[in-house]
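**Q** quick one: sequence and predicted model below, then my questions.
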Amino acid sequence: MNHKQIRKIFLSFFKRKKHKILNSASLVAKKDSSLMFTNAGMNIFQAFFIGQKKSQYSRIANFQKCLRITGKHNDLFEVGKDTYHHTMFEMLGNWSFGDYFKKESINWAWELLTEVYKMDKSNIYVTIFKGNKEDKLSFDSESFQYWKNKIDDSKILFFDKKHNFWEMGKTGPCGTCTEIHVDLRNEKEKLQIPGKNLVNKKHPLVIELWNIVFIQFFRKSDGTLVKLPNFHIDTGMGFERLCMILQNKKSTYDTDIFTYLIKSIAQKTDQIYGVTDKIDIAIRIIADHMRSVVFAISDGIIPSNKKYGYVIRKILRRIIVTYYLTLKINKPFLFKLVNPILCYMKHSYLKKSNTSLKYDISTIILREEKLFLKTINLGSYKLEKIIEELRAKKCNIIAGKIIYWLYDTYGLPIEISKLITNKNKIKVFSYDSL
Ligand code: SER
C-alpha cells in the first residue's frame, strides 16, 4: 500500500462509521492565543470540546498537518538522530463531539488496524491510565474491560499521566488516554527482550502509533481540572508511523512519504544515504526540516525576524548549519528541494496548480540560504583573522566571549566557530560563558 491508499482507507473507514470527512487545517494556530502552530489535530476543535460552539457534525475524521517545534510538545531535538520523530508530521484522527465514547473508539481502532489494515495482532500493545492522586483521577477500568476482550492481559500496560493523560498545553480541554504501540523488531530480538519492557522506552522499533484521548476535563490556569458538560473523543494516529508499519519499514524515512525526497537530497549533495550514521542524520534533518519549512511557507509564513517567521527562519538556519558542517556544502541547494515536497503535497494539500507556489517558495528559500551563507562566511572570515592575530602572538587560546561576540554581532553560529577553532587547534576558554 502506498501512502495515498493508506490515508484513503482511514478516511473511508470512518466515513462508513458516519463521520464527516474534513481536510487538514492550516499549520498556523490562528484561533488559539496559547499556541503558535497547530501541534495536534484537536487544536481546531477546542471550542467544540469546551462547549463554546456546537459542531455541525457530531463525528468527524480528518488528516491534519502538525508542527512540533515550540512549547509543551517539541520534537525538534529528536529529529534526525532517531528514525521516527518529525517536526512536521501528519495526524489521522477521528472525533466525537458528545457522541460515541470509549467503547466505539477502542473497538473501531482495533477493527481498522487488525481487520482492515491487517496488522499483526501479536505485535500490538496497549497502554491505559493507571490513575493519579494529584489530579484525583482513578484507574481507567472501563478501557481495560474493552481491551481485555481483544488482547491478552499481558499486553495491556498501565502508565501514569506522563504517558496516559493528554493535554495540549498548560490549559485547555484534556483527558486520560489509551495508546496503541507496535513492536516491529524481529523474532530473535523479541525473544531476548519482551516488547512490553520496551513500550514508552524510546526504542526505535517499539513505537507509539495511535493515541485515543477521552476528553473529559478542562485544565484551568491554576492547574485544577474541571469536568466538561459533555465527553468527547480525540484520536491521533501518526501517519508516517502507520506507513512505516504497513510498508514494513524500519524507519519512517524509508516510507514512500520520504524516499523521493531523501533520494533528491542525496543526489544534490553527492552523498549516499544508508552508509554512514553522521551523513544519514544530516540527510534526515534536512528532509524533515525542509518539509516543515515548505509546508509552513505554503501556509503563508514567510521567514523573518518576527514571531512565526522567526521560528521558520531558525529551522531553515538549522538546516543550513547542518549541511555546512556535516556535508561541507557552502552554496545554496535547498531551494531545489521544493519541487519534490510540493509533489508530495499535491495529492492532499494543494488545490490549484503549484507552478507559482513552487516559484515563490523556491525564491524565498534561495534568498534565505544566500543571506545566511553570507553571514556564515563573513563571520568565519572574522574569526580566522582573530586566530591569525593570536597565532602571531604565539597564543593558542581564544576567549569564549569572543565566540559569543561573533555570534551576537555577526550571527556566526557557535557550532561553526567551534569547527573553525578545532580545525586551527585553538582552545576556547571557556564555553561556560556561552
Ligand atoms: N491529541 C492527541 C495527540 O495529539 C490525540 O489526537 O496525541
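**A** Now that the structure is in, tell me what you want to look at.
**Q** how far away is F159 from the ligand?
**A** For F159, the distance to the ligand equals 14 Å [Cβ to the nearest ligand atom, to the nearest Å]. For glycine as for every other residue, the C-beta is placed from the backbone atoms N, C-alpha and C.
**Q** residues near the residue nearest to that residue when sequence neighbours are not counted, how many?
**A** Nearest in space to F159, with sequence neighbours left out and distances taken as Cβ to Cβ, 6 or more residues apart in numbering, is T127 at 5.1 Å. Counted with other Cβ atoms under 10 Å, the neighbours of T127 add up to 24.
**Q** helix, strand, or coil at T127?
**A** The three-state label given to T127 by DSSP: H, G, I helix; E, B strand; the rest coil is strand.
**Q** what is the neighbour count of whichever residue of the stretch 301-434 of the chain sits closest to the ligand?
**A** In the stretch 301-434 of the chain, the residue that lies nearest the ligand is S348 (18.2 Å; Cβ to the nearest ligand atom). Residue crowding around S348 was assessed by other Cβ under 10 Å; the count is 16.
**Q** list the contacts of it.
**A** 4, 7, 23-24, 63 (Cβ atoms under 8 Å, 6 or more residues apart in numbering).
**Q** out of those residues, which is nearest to K220?
**A** S24 (29.8 Å; Cβ to Cβ).
**Q** now do the contacts for the closest one.
**A** 62-65, 90, 348-349.
**Q** let's see that with 7 Å instead.
**A** The contact partners of S24, taken as Cβ atoms under 7 Å, 6 or more residues apart in numbering, are 62-65, 349.
**Q** got CSV for these, with neighbour count and pLDDT too?
**A** Listed next are the contacts of S24 as CSV, based on neighbours: other Cβ atoms under 10 Å; pLDDT from 0 to 100:
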residue, neighbour count, pLDDT
N62, 22, 97
F63, 20, 96
Q64, 25, 96
K65, 25, 95
Y349, 17, 85
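**Q** now tabulate these in JSON lines and tack on secondary structure.
**A** Output for the contacts of S24, formatted as JSON lines (three-state DSSP):
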{"residue": "N62", "secondary structure": "strand"}
{"residue": "F63", "secondary structure": "strand"}
{"residue": "Q64", "secondary structure": "strand"}
{"residue": "K65", "secondary structure": "strand"}
{"residue": "Y349", "secondary structure": "coil"}
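**Q** returning to what we had before: got CSV for the contacts of S348, with distance to the ligand and secondary structure too?
**A** Below are the contacts of S348 laid out as CSV (distance: Cβ to the nearest ligand atom, whole Å; DSSP: H, G, I helix; E, B strand; the rest coil):
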residue, distance to the ligand, secondary structure
K4, 22, helix
R7, 16, helix
N23, 17, coil
S24, 13, coil
F63, 12, strand
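**Q** part of a strand, is I21?
**A** Yes - assessed by three-state DSSP, I21 belongs to a strand.
**Q** break down the stretch 151-300 of the chain into its strands, ranges please.
**A** Along the stretch 151-300 of the chain, counting by DSSP state E, counting those that start in this stretch, strands occupy 156-159, 165-167, 172-183, 206-219, 225-238.
**Q** now the first one, how far from the centre of its chain.
**A** So that's strand 156-159. 24 Å (Cα atoms, centre = their mean, to the nearest Å).
**Q** perfect, I'm done here.
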